[in-house]
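[1] below: sequence and its predicted model.
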Amino acid sequence: MGNNNQTISCKNLRRFGVEIELNSFDQRNRPLGYEFGNVPDGIQYIANIVHKTVKEKVFIQKWQNNHNNDSWILKPDSSCGIEVCTPVLKGMKGIKKICSVVNAFSNNKKIIADSRCSFHVHVDVNDLSKEEVATIISWWIKCEYLFMQLVPLKRKRNKYCQMLSFSSIFNNVEIDLYNPSFLVSNLGQHKYFSMNTYHMVNRKRNTIEFRIMDESSCLNYFDSKNYILLLLHFIDCCLKKGMPKKYDATNSFTGYAWLDADEFMQFLKL
């Protein structure tokens, strides 16, 4: 409950999917014989745990991009060993499935997630216009510093999670930085920004991806639950607030300057 007496709902029904990264049992980033289709050590064991936990279809496959999953998919990941991809989920029912799987991982001593692992959330924006997606991007830039304060230093210094605020794409003063097409297309250059439109721009799926969370969410269901809820709530706040107006030195909610902690909480109505 905030000072404005507004209650924050956890009943968001925007669809999402999650990638949970884990270490292979032999700690290799790539299995021996990767080029011949060999799978990481322990991937069958982990797939069995997922199946027993959620009682749903689970497939093991070689690495490739998957879209609109209707099942759980496990595949090799060259940065850490194993990637667990959820089906398309929504609401607390979907979050509870993730929590049950993450909790099962945390209770098994064979399963490890070290600093090479991370927790990625893809949020569906198929119902949004390009202008609305640009609005989310703009507020993410303004809130990015505070979001980064929520994660360990290693995520701030990570080539797989580059801060938009420090990206060279915003250096050209001749470009209208408030242009929705510019924002959406440039965040799709690669998928290693803290938040990106890579899959959306490359016409694979209409999602935006958030990559800041570290391995804690891969083995701690409380962290994973709250992180997903925070992202969904953030998106709702962005859409209600609308695109930030061009910079006005008397109003910190304009332009792309970072919000401070109090302003961040005010924006989120927390």
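    Looks like it arrived, so ask away.

[2] going by neighbour count, list what's buried in the helix-or-strand element of the chain with minimal mean pLDDT.
    Least confident helix or strand, the chain: helix 153-156 with a mean of 88, by mean pLDDT, DSSP states H and E. Of all the residues in helix 153-156, those buried under the rule 16 or more other C-beta atoms under 10 Å are residue 155. Backbone N, C-alpha and C define where each C-beta goes, glycine included.

[3] for the very next helix or strand once past that helix, packing partners?
    Per DSSP states H and E, helix 153-156 leads on to helix 180-186 as the next helix or strand towards the C-terminus. Using 3 or more C-beta pairs under 8 Å, 6 or more residues apart in numbering; DSSP states H and E, the elements in contact with helix 180-186 are helix 130-148, helix 198-201.

[4] in this structure residue 135 contacts residue 240, no?
    No. In this structure residue 135 lies outside contact range of residue 240 using C-beta atoms under 8 Å: 9.8 Å.

[5] show me what contacts residue 212?
    147-148, 150-151, 155, 161, 194-195 (C-beta atoms under 8 Å, 6 or more residues apart in numbering).

[6] can you check the pLDDT for it?
    What the model reports as pLDDT for residue 212 is 96.

[7] same question for residue 262.
    96.

[8] circling back to that earlier point, contacts for the least confident helix or strand of the chain next, please.
    So helix 153-156 is in contact with 115, 118, 148, 161, 163, 212-214, going by C-beta under 8 Å, 6+ apart.

[9] distance of residue 155 from residue 213?
    Remark: distance between residue 155 and residue 213 (C-beta to C-beta, to the nearest Å) = 8 Å.

[10] let me redo that: residue 48
    Distance from residue 48 to residue 213, by C-beta to C-beta: 26 Å.

[11] okay, those two: which has more neighbours?
    Applying other C-beta atoms under 10 Å to residue 48 and residue 213 shows that residue 213 carries more neighbours, namely 25 against 11.

[12] please report phi then psi for the more buried one.
    With angles defined as degrees, to the nearest 10, residue 213 sits at phi -70, psi 140.

[13] hmm, it is touching residue 102, no?
    No. Here residue 213 does not reach residue 102: they are 11.8 Å apart, not a contact under C-beta under 8 Å.

[14] overlap in contacts, those two.
    residue 224.

[15] what separates the nearest residue to residue 219 once chain neighbours are set aside from residue 76, distance-wise?
    When the adjacent residues along the chain are set aside, residue 219 lies closest to residue 106, with 4.4 Å between them (C-beta to C-beta, 6 or more residues apart in numbering). Here residue 106 is placed at a distance of 22 Å from residue 76 (C-beta to C-beta).
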